[in-house]
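**Q** predicted model follows, preceded by the sequence.
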Amino acid sequence: QMNLVESGGGLVQPGGSLRLSCAASGLTLDYYAMGWFRQAPGKEREGVACISAGGRADYVGSAAGRFTITRDNAKNTVYLQMNSLNADDTAVYYCAADGPVSPYRECILSGKYDYWGQGAQVTVSS
């Protein structure tokens, strides 16, 4: 059983940056693809970025070019660096793990994720 805990959320002004962390315990992340998702008030949950077990990243929509997903398997942690934030980025952000999978398999945001964190609130406002 894997436990995921997000941290690093908060209030940031438009144009600012935040780095979310997702710390895993119970299982090693080495053989898991990881994803970041978000859910804004009144909207469905959407995928933001994912990273394969082998370290290849993929992004969706407006996250491309502004967000960077990385993983540190030695620390059993995944990160989401978010830059140039705007009000549309306001949401609860969740990390999730899909696996175990081959490191050669691409991450798939539309796939089934086995473990989820409790979420971290990100609010972009002046």
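**A** Happy to help now that I have it.
**Q** tell me which residue is most central in this protein.
**A** residue 36 (2.3 Å; CA atoms, centre = their mean).
**Q** is that residue bridged to anything, and to what?
**A** Residue 36 forms beta bridges with residue 49, residue 95, as assigned by DSSP bridges.
**Q** that one reaches residue 50, doesn't it?
**A** Yes. Under the criterion of CB atoms under 8 Å, residue 36 makes contact with residue 50 at 7.2 Å. Heads up, the C-betas are built off the backbone N, CA and C, glycines and all.
**Q** now do the shared contacts for those two.
**A** Both residue 36 and residue 50 are in contact with residue 69, where contact means CB atoms under 8 Å, 6 or more residues apart in numbering.
**Q** what's the burial count for the nearest residue to residue 67 once chain neighbours are set aside?
**A** Of all residues beyond its chain neighbours, the one nearest residue 67 is residue 82 (5.1 Å), with distances taken as CB to CB, 6 or more residues apart in numbering. By other CB atoms under 10 Å, the residues close to residue 82 number 25.
**Q** and if you look at residue 35?
**A** 28.
**Q** ok, it to residue 14 distance?
**A** Distance of residue 35 to residue 14, given as CB to CB, to the nearest Å: 25 Å.
**Q** can you check residue 108 too?
**A** 31 Å.
**Q** host element of residue 23?
**A** Here residue 23, judged by DSSP states H and E, is contained in strand 18-25.
**Q** just the buried positions in that strand, please.
**A** By 16 or more other CB atoms under 10 Å, the buried positions in strand 18-25 come out as 18, 20-24.
**Q** and if you look at stretch 99-119?
**A** Per 16+ other CB under 10 Å, stretch 99-119 contains these buried residues: 99, 101, 107-109, 111, 113, 115, 117, 119.
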